[in-house]
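Engineer: Turn this into a structure:
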Amino acid sequence: MAYEFLVQEGYLILETNFKVKGSEIDIIAKESEWYVFIEVKSYLSDSPFSVYTSLSKRKKQALMLGINLWLLENNLLDSIWRLDFVIYFTDKKIFEIYKHINLY
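Structural biologist: Numbers count the residues shown, from 1 in each chain. Below you'll find the predicted structure:
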């Protein structure tokens, strides 16, 4: 479902479920000049959701590892990239995108 939503929003999907030891990136896409690494989460609309509280220090490190390895494997270390979150609110059946999530 998130895949289709992102395509409708103009993202070009490059890869899904990229896994390396200790890290998984749900979706890797391109939007304009940006390479976009996307985490997909599901919540109820009244849950106390926060993008930043859902990212533990360990999860941030794992994401950075996965992002750097993907960029290295694809000879794109000098490219511009960002981390986005796609949230699916299960009770309302809607998606929201949170762009440019800070990993530091």
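
Engineer: use CA for all of it now, contacts and neighbours both
Structural biologist: Noted.

Engineer: Which helix or strand in this structure has the lowest average pLDDT?
Structural biologist: Within the chain, no helix or strand scores below strand 94-98, which has a mean of 86 by mean pLDDT, DSSP states H and E.

Engineer: Give me the sheet partners of that one and which way each runs.
Structural biologist: Strand 94-98 has these partner strands in its sheet, going by DSSP bridges: strand 81-89 (antiparallel).

Engineer: buried residues in the partner strand?
Structural biologist: Across strand 81-89, burial judged by 16 or more other Cα atoms under 10 Å covers 81, 83, 84, 85, 86, 87, 88, 89.

Engineer: okay, the residues you listed in JSON lines with pLDDT and distance to residue 60 next?
Structural biologist: Shown next, in JSON lines, are the buried residues of strand 81-89 (pLDDT from 0 to 100; distance: Cα to Cα, whole Å):
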{"residue": "81", "pLDDT": "96", "distance to residue 60": "15"}
{"residue": "83", "pLDDT": "93", "distance to residue 60": "11"}
{"residue": "84", "pLDDT": "92", "distance to residue 60": "13"}
{"residue": "85", "pLDDT": "90", "distance to residue 60": "13"}
{"residue": "86", "pLDDT": "91", "distance to residue 60": "16"}
{"residue": "87", "pLDDT": "88", "distance to residue 60": "17"}
{"residue": "88", "pLDDT": "86", "distance to residue 60": "21"}
{"residue": "89", "pLDDT": "88", "distance to residue 60": "23"}
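
Engineer: tell me the SS of residue 10?
Structural biologist: Put simply, residue 10 is coil when judged by DSSP: H, G, I helix; E, B strand; the rest coil.

Engineer: I'd say it and residue 31 touch.
Structural biologist: Yes - Residue 10 lies in contact with residue 31 (Cα atoms under 8 Å); the separation is 6.8 Å.

Engineer: more crowded one of these two?
Structural biologist: The residue with more neighbours, out of residue 10 and residue 31, is residue 31; 15 against 12, by other Cα atoms under 10 Å.
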